[in-house]
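Asks: when you get a sec, could you give me coordinates for this:
(2 chains)
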Number of protein chains: 2
Amino acid sequence: MKRVFNFSAGPAMLPEEVLKEAASEMLDYQGSGMSVMEMSHRSKEFVAIYENAEKLVREVMNVPDNYKVLFLQGGASTQFAMIPANLMKKGGKVDVINTGAWTKKAVKEIGFFGNANVVASSEDDTFTYIPKDVKLSGDADYVYLASNNTIYGTRYVNFPKTGNVPLVADMSSNIMSEPVNVSDFGLIFAGAQKNLGPAGVTLVIVREDLVGNHIDGTPTMLQYKTHVDASSMFNTPPTYAIYVLGKVLNWIKSKGGIQGVYENNLKKANLLYNFLDESKMFKGTAKKEDRSLMNVPFVTGDADLDAKFIKEATAQDLTTLKGHRSVGGMRASIYNAMPYEGVEKLVNFMKEFEKANS
Amino acid sequence: MKRVFNFSAGPAMLPEEVLKEAASEMLDYQGSGMSVMEMSHRSKEFVAIYENAEKLVREVMNVPDNYKVLFLQGGASTQFAMIPANLMKKGGKVDVINTGAWTKKAVKEIGFFGNANVVASSEDDTFTYIPKDVKLSGDADYVYLASNNTIYGTRYVNFPKTGNVPLVADMSSNIMSEPVNVSDFGLIFAGAQKNLGPAGVTLVIVREDLVGNHIDGTPTMLQYKTHVDASSMFNTPPTYAIYVLGKVLNWIKSKGGIQGVYENNLKKANLLYNFLDESKMFKGTAKKEDRSLMNVPFVTGDADLDAKFIKEATAQDLTTLKGHRSVGGMRASIYNAMPYEGVEKLVNFMKEFEKANS
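Replies: Next up, the predicted model:
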C-alpha cells in the first residue's frame, strides 16, 4: 500500500486511523451486518452515529447551548444563498469584507435577496492581506467574512467586533484548526472536505434566535428551520459523510482537541514559513501578519522553475502542490490531518531543490 | 463478519462486491496513495472517476445525446424546489399526479413558484393505486409524477402520454430497476440511496432545451445551468458518493444491464407477491396491477402479530421490515442489490411464521 503526502486544497488528507477504521467497518459496522452506507437514516445505529457527531462538534468547539448544529448538503456554495434567505430582511443589507474569490461568490448570492455592501476589500493588492479597522455600517442584517482564504493563504487573527449585528463566517478552510469563540458569531459554516471529513456534508452552527425568520417564498430545503426542527433529518442526510466526520472529530479529540491540533498546526506552518522567509528561491505571497496556518501559497517567480519543482516533488510523493491559477506557483495546504512529517519532507525537498537549481 | 438481508426502504443494501472493492481501495486508490475521499475533485484521478460514472449512466440507461447527466446534492427534496425554479414560468402551472407523500412534498414546493394543479390523486383509497386515464390540462409547464411510491408500494407500469408538455419523474425508488425510455421524459431524478449508491448524491437527467430558463432570482446553486456549464463541478461534488455510484453502475452492467436486473427483480417480486396472494395471514396492500417491484408493503391486520413477526424476522437477520407509520404492518424493500436469496429466505420465514401462528 502506498500513501503520499497530499497537499490538496480540498478534498484533502484524512487521518490514516480514520480511513483504516472506515475500511474495516465497510461491510459490517460493529456487528450490525451492514455498511453504514446501507443503513436507514432512521435506524438506531445511524441515529447514534449522528448524535455522536453532533455531540463531538459541541464538545470540540465548545458550542454554547443556544446554538444549533446542523449537517447539511450542497457545500458552502449553497450556504452563500441560504444565509441571506434566512438572516436577511428582503431587500436588506449585509456588510461584507471581501478577501477573495469565496467572499465574492457570497456577494453574488446576497444580491439575489438584497444589498451586498462591501465595507472593505483587499482586492487592491490581489487579496494578499486582511483589511483592518473596518468601518461597519452599523445597520446591516449581518456582517459576512471568510475566516481563512484558501486561494490567497490569508486568515483572520482577530475578528472584527460587530456588536449586536450577527457575525457570519465561512470557516470552510480553517474550522477546528485553532480555537475560536463560537459565541462571537451568529453563524459559522464549513464544507467538510478540508478539516472535517469527506466532501458532501456542510457543518452549520447557528444561533437559535437567527432561525425561523427566512424571507417569504424560501423553499423548504433552504430554510434553516426545516433542518433545526428535524435535527438535520428532514430528508435523508449524507449518512456516510457524517459517519466519517464523526471519526475525524474523535481523532481531533485524541490529539488534545482544538488546542492540540492548533499547536501542531503552528509547528507545521512555522517550519514552512520560516524556510520561505529565508529562501532566496521560494517566496510566500501573503502578508506576514495575516498568514494562513492552512494554505501556504508560494512562488519562485519563474513559471518554468515552478513546473519543474511540482514535477520533481510529485515524484517524491509530495503531491497536489500546483498553485491556484489566480496566484500561480505553488500552494501547500497543510490541514489538520497533514502530519508534521509531511511538511518536514516538503521543506527538506525545497532546500534540496533550491541548492540543485541555484 | 456478519451480513444481514436488509429490507430498508433507503438507504438500502449495496452489492457486496461494491463494498469489498471500496474497502480495499480506502487507503490507496489504484496506486495513487490516496483515498478517493482525499482527492481533489479537479485531480485527473477523480475527473476520470466522475467521467466514468457519467458514461455508465448514459450507457446503462441509454440516455440520448440531447440529455445532460448531473450529480447534485440535497436529495429529491431539493429537486422538488429546483425543478419548478427551472422548468416553470413564474406563476405558471404544473400538472401533478398525486400518488403519495412524496408527490405531496413536490406540490408544496411548486407552490412557492406558481400553481400545482393536481390533475389526479389516489388519496381517496390511501394511495393504493396509480390513477389511470388522467386528463391533463394541456397547457401546463410540465407534468409531474413519481414513478414508484416507496411508502405505498405502487408503480407506473405505463406512463401517461404528455405530448409536447415535458414529463418529469421522481424515480428515486425504482431508477434502473426496469427499462424506461428516457426520451419520453423531460427530466428524471433520483436520490442515489436506494438503487444507485450511498445517500448524498442525486442523479438528474435533463433534456438540454429545459436548461437555462430558470425564474429570475433563482440562486446560482439552484440553477441547472450552473451545473450543466460546469459538468457538476461548479463546487466540490460529493466525490465519494459518486465513486461508489460508479461501482454500482458497473455492477448493474455486469448483471446484464437494466434488462438483467429487471428480470431478477421480477423473479424476486413474483416470489413474494405470489406468496402474499396465497397466504391467509399476510396481505399485500397495493392494487395488483400497480404493484411496485421495489417496495412491498404487507400486513397481517393484527398489530401485535406484526410486531411479533418483525421481532422474529430480525432475529433471523431479516432486518428493517417495519412498515411506514402511514401504512403500518411490514414493508420489504427489495431493490436491485437485494439478492434473490434474501427474498427466498424472507418468504420461507413468512411461511414458517404463518404455520406457527395460525
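Asks: ok, A:Pro160 to chain B distance?
Replies: Using C-beta to the nearest C-beta, to the nearest Å, A:Pro160 is found at 26 Å from chain B. Every residue, glycine included, has its C-beta placed from N, CA and C.
Asks: I misspoke; the intended subject was A:Val118.
Replies: For A:Val118, the distance to chain B (C-beta to the nearest C-beta) stands at 18 Å.
Asks: just give me the neighbour total for that residue.
Replies: 15 (other C-beta atoms under 10 Å in any protein chain shown).
Asks: surely it forms part of a strand?
Replies: Yes: counting by DSSP: H, G, I helix; E, B strand; the rest coil, A:Val118 is located in a strand.
Asks: thinking it is in contact with A:Asn98, fair?
Replies: Yes: under the criterion of C-beta atoms under 8 Å, A:Val118 makes contact with A:Asn98 at 5.1 Å.
Asks: overlap in contacts, the two.
Replies: A:Val107 (C-beta atoms under 8 Å, 6 or more residues apart in numbering or on different chains).
Asks: burial count for the residue of the stretch 251-358 of chain A found nearest chain B?
Replies: With C-beta to the nearest C-beta as the measure, A:Thr320 is the residue of the stretch 251-358 of chain A nearest to chain B, at 5.7 Å. Using other C-beta under 10 Å, A:Thr320 has 25 neighbouring residues.
Asks: how much space between it and B:Ile83?
Replies: Noted for A:Thr320: a distance of 37 Å to B:Ile83, by C-beta to C-beta, to the nearest Å.
Asks: surely the residue of the stretch 251-358 of chain A closest to chain B touches A:Ser8?
Replies: Yes: with contact defined as C-beta under 8 Å, A:Thr320 and A:Ser8 form a contacting pair (3.9 Å).
Asks: overlap in contacts, those two.
Replies: Both A:Thr320 and A:Ser8 are contacted by A:Ser333, B:Ser40, B:Ser43, under the criterion C-beta under 8 Å, 6+ apart.
Asks: please tell me the pLDDT value assigned to the last one.
Replies: When you say that, I think you mean B:Ser43. What the model reports as pLDDT for B:Ser43 is 96.
Asks: quick one: it and B:Val36, what's the gap?
Replies: With distances taken as C-beta to C-beta, B:Ser43 is found 10 Å from B:Val36.
Asks: between these two, which one's more packed in?
Replies: The residue with more neighbours, out of B:Ser43 and B:Val36, is B:Val36; 23 against 20, by other C-beta under 10 Å.
Asks: other SSEs contacting the helix or strand containing A:Val69?
Replies: Per DSSP states H and E, A:Val69 falls inside strand A:67-72. If contacts are counted by 3 or more C-beta pairs under 8 Å, 6 or more residues apart in numbering or on different chains; DSSP states H and E, strand A:67-72 sits against helix A:44-61, helix A:75-87, strand A:202-207, helix A:224-229.
Asks: possible to save these as JSON lines with mean neighbour count and distance to chain B?
Replies: What follows is those, written out as JSON lines (neighbours: other C-beta atoms under 10 Å in any protein chain shown; distance: least, C-beta to the nearest C-beta, whole Å):
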{"stretch": "helix A:44-61", "mean neighbour count": "18", "distance to chain B": "8"}
{"stretch": "helix A:75-87", "mean neighbour count": "25", "distance to chain B": "3"}
{"stretch": "strand A:202-207", "mean neighbour count": "23", "distance to chain B": "9"}
{"stretch": "helix A:224-229", "mean neighbour count": "19", "distance to chain B": "9"}
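Asks: and A:Gly74, how far from B:Asp124?
Replies: Per C-beta to C-beta, A:Gly74 is found 37 Å from B:Asp124.
Asks: between the two, tell me which one has more neighbours.
Replies: With neighbours defined as other C-beta under 10 Å, A:Gly74 and B:Asp124 compare such that A:Gly74 has more, 26 against 9.
Asks: just give the nearest non-adjacent residue to the more buried one, would you?
Replies: In space, A:Gly74 comes closest to B:Gln73 once its chain neighbours are excluded; the distance is 4.7 Å by C-beta to C-beta, 6 or more residues apart in numbering or on different chains.
Asks: so what's the residue count around the one you found?
Replies: B:Gln73 has 26 neighbours, counted by other C-beta under 10 Å.
Asks: near chain B at all, stretch A:135-145?
Replies: No: if you take C-beta under 8 Å from any C-beta of the partner chain as the test, stretch A:135-145 misses chain B, and the best it gets is 15.5 Å.
Asks: going by neighbour count, which residues in that stretch are buried?
Replies: By 16 or more other C-beta atoms under 10 Å in any protein chain shown, the buried positions in stretch A:135-145 come out as A:Leu136, A:Ala140, A:Asp141, A:Tyr142, A:Val143, A:Tyr144, A:Leu145.
Asks: same thing with stretch A:110-129?
Replies: Quick answer for stretch A:110-129 (16+ other C-beta under 10 Å): A:110, A:112-114, A:116-117, A:119-122, A:127-129.
Asks: and of the residues you listed, the nearest to A:Thr162?
Replies: Of all the buried residues of stretch A:110-129, A:Thr162 sits closest to A:Val119, with 10.9 Å by C-beta to C-beta.
Asks: contact partners for the closest one?
Replies: A:Asp95, A:Val96, A:Ile97, A:Val134, A:Lys135, A:Leu136, A:Ser137, A:Val143.
Asks: what's the answer for A:Asp216, then?
Replies: With C-beta under 8 Å, 6+ apart, A:Asp216 has these contacts: A:Lys90.
Asks: may I have the predicted confidence score for it?
Replies: Reported pLDDT for A:Asp216: 95.
Asks: that one: helix or strand, and which one exactly?
Replies: Going by DSSP H and E, A:Asp216 is not in any helix or strand.
Asks: swap in A:Phe309?
Replies: Assigned by DSSP H and E, A:Phe309 falls within helix A:303-315.
Asks: repeat for A:Phe275
Replies: Using DSSP H and E, A:Phe275 sits within helix A:257-278.
Asks: may I have that helix as PDB, with CA atoms only?
Replies: Only the C-alpha atoms of helix A:257-278 are listed here, as PDB (Å, rounded to 0.1, in the frame of the first residue of the first chain):
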ATOM      1  CA  GLY A 257      -8.800  18.800  21.000                       C
ATOM      2  CA  ILE A 258      -8.500  22.000  19.000                       C
ATOM      3  CA  GLN A 259      -5.700  23.300  21.300                       C
ATOM      4  CA  GLY A 260      -3.700  20.200  20.500                       C
ATOM      5  CA  VAL A 261      -4.100  20.300  16.700                       C
ATOM      6  CA  TYR A 262      -3.600  24.100  16.800                       C
ATOM      7  CA  GLU A 263      -0.200  23.600  18.400                       C
ATOM      8  CA  ASN A 264       0.700  21.100  15.800                       C
ATOM      9  CA  ASN A 265      -0.600  23.400  13.100                       C
ATOM     10  CA  LEU A 266       1.600  26.200  14.400                       C
ATOM     11  CA  LYS A 267       4.600  24.000  14.300                       C
ATOM     12  CA  LYS A 268       3.900  22.900  10.800                       C
ATOM     13  CA  ALA A 269       3.200  26.400   9.500                       C
ATOM     14  CA  ASN A 270       6.200  27.900  11.200                       C
ATOM     15  CA  LEU A 271       8.500  25.300   9.700                       C
ATOM     16  CA  LEU A 272       7.300  26.100   6.200                       C
ATOM     17  CA  TYR A 273       7.100  29.900   6.700                       C
ATOM     18  CA  ASN A 274      10.500  30.200   8.400                       C
ATOM     19  CA  PHE A 275      12.000  28.400   5.400                       C
ATOM     20  CA  LEU A 276      10.100  30.700   2.900                       C
ATOM     21  CA  ASP A 277      11.400  33.800   4.800                       C
ATOM     22  CA  GLU A 278      15.000  32.600   4.500                       C
END
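Asks: any low-confidence regions in the stretch 201-350 of chain A?
Replies: Within the stretch 201-350 of chain A, not a single segment meets pLDDT under 70.
Asks: go through stretch A:191-211 and flag the buried ones.
Replies: Judged by neighbour count using 16+ other C-beta under 10 Å, the buried positions of stretch A:191-211 are A:191-207, A:210-211.
Asks: A:Lys20 reaches B:Leu27, doesn't it?
Replies: Yes: assessed by C-beta under 8 Å, A:Lys20 is found in contact with B:Leu27 at 6.8 Å.
Asks: with that, I have no additional questions.
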